[in-house]
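J.: model the structure of this input:
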Amino acid sequence: CTADPARHRIVMVLGPRAGAPYRSFSAFAAAEPARVRHVAFAMNGGMYDDAGKPIGYYVENGQRKHRLNRAKGPGNFHLLPNGVFFGTGEQWGVLSAGQFAKLVTERPEFGTQSGPMLLIGGKLHPRIAADGESRYVRNAVGIDRQGRAHFVISEEPLSFGRLARYFRDALKVSNALFLDGNVSALWHPATGRMDETAALGPLIVVENRAKAETEKSAP
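T.: Presented below is the predicted three-dimensional model:
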């Protein structure tokens, strides 16, 4: 699924204000039907704890709800370097956590931290094999030279390396960020697809910009 900044708006969704995380697309859709009309597609994106709350950098509607996490530890998130998918208006980006801390001086409108990075400057993450033995259904995001965000979810279990090479070779993306594995999910209203996997955490929601702006300006 491709998000074009000329046609789409990207927002992060966790849960209702002062409420627990939604944990699924269906719960979000049921709770906020007015917003759902604008959804082009959505994916889960960003590592989270057992309650569904982010464990890394997370910004929703310009409000930071978790700081950048650069700690060492186990699991995919701590397969350093990890990274951040972020943006403001029509400008979106993917950077390693270190690059993000160094280069991004103003808080973006949205942001979510996940890991590991799949591609850094067009090269595979140094700790990712070209086609390792670990196989899961996985999803990831990368930004191309035109500024479009490419969201990819595999149709079958695959390795980190194969997913990274798809971004590099097929999509011509320099930086790509792993979003999740095993619980990876897509919601695509136009085709009626709404994956109900394990309980989710942060949701990356891509809205149809023109439709949302038309309704906002209507009397």
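
J.: measure how buried G121 is and give me the count.
T.: G121 has 9 neighbouring residues, counting by other Cβ atoms under 10 Å. All C-beta atoms are positioned from the backbone trio N, CA, C, and that covers glycine.

J.: and the spatially closest residue to it that is not a sequence neighbour, which helix or strand is it part of?
T.: Counting by Cβ to Cβ, 6 or more residues apart in numbering, S174 is the residue found nearest to G121 once chain neighbours are left out, at 5.8 Å. Per DSSP states H and E, S174 falls between elements, in no helix or strand.

J.: please apply the same query to the one 5 residues further on.
T.: Taking DSSP H and E as the definition, L179 sits inside strand 176-181.

J.: got the contact list for that strand?
T.: 43-47, 76, 82-85, 94, 114-119, 136-142, 160, 163-164, 167-168, 204 (Cβ atoms under 8 Å, 6 or more residues apart in numbering).

J.: please report how far S174 lies from H150.
T.: S174 sits 12 Å away from H150, taking Cβ to Cβ, to the nearest Å as the criterion.

J.: what is in contact with those two at once?
T.: Residues touching both S174 and H150 (Cβ under 8 Å, 6+ apart): G142.

J.: ok, now which ones touch the residue nearest the centre of the chain?
T.: Geometric centre of the chain, nearest residue: G45, 3.8 Å, by Cα atoms, centre = their mean. Applying Cβ under 8 Å, 6+ apart to G45 gives the contacts F85, T112, S114, N139, V141, L179, D180, P202, L203, I204.

J.: sorry, back to before: of the contacts of strand 176-181, which belong to strands?
T.: 43-44, 83-85, 94, 114, 117-119, 138-142, 204 (DSSP state E).

J.: can you name the two of these that are farthest apart?
T.: Greatest spatial distance among those (Cβ to Cβ): N44 and L119, at 20.1 Å.

J.: lowest-pLDDT helix or strand in the protein?
T.: One helix or strand of the chain scores below all others by mean pLDDT, DSSP states H and E: helix 209-217, with a mean of 60.

J.: SS state for G111?
T.: Under DSSP: H, G, I helix; E, B strand; the rest coil, G111 falls in the strand class.

J.: which strand residues bridge it?
T.: V59, F86 (DSSP bridges).

J.: quick check, F28 in contact with G19.
T.: No - counting by Cβ atoms under 8 Å, F28 stays clear of G19, with 11.5 Å between them.

J.: okay, those two: which has more neighbours?
T.: F28 (24 against 9).

J.: picking up where we left off before, S174 and H150: which has the busier surroundings?
T.: Using other Cβ under 10 Å, the more surrounded residue of S174 and H150 is H150, with 19 against 16.

J.: which elements pack onto the helix or strand harbouring that one?
T.: Assigned by DSSP H and E, H150 belongs to strand 149-153. Judged by 3 or more Cβ pairs under 8 Å, 6 or more residues apart in numbering; DSSP states H and E, strand 149-153 is in contact with strand 2-3, strand 39-44, strand 138-143, strand 203-208.

J.: tell me the helix or strand right after the shortest one.
T.: Read that as strand 2-3. strand 8-13.

J.: pull out the buried positions in the helix or strand just after that following strand.
T.: Downstream of strand 8-13, the next assigned helix or strand under DSSP H and E is helix 25-31. Using 16 or more other Cβ atoms under 10 Å as the burial criterion, the residues of helix 25-31 that qualify are F25, A27, F28, A29.
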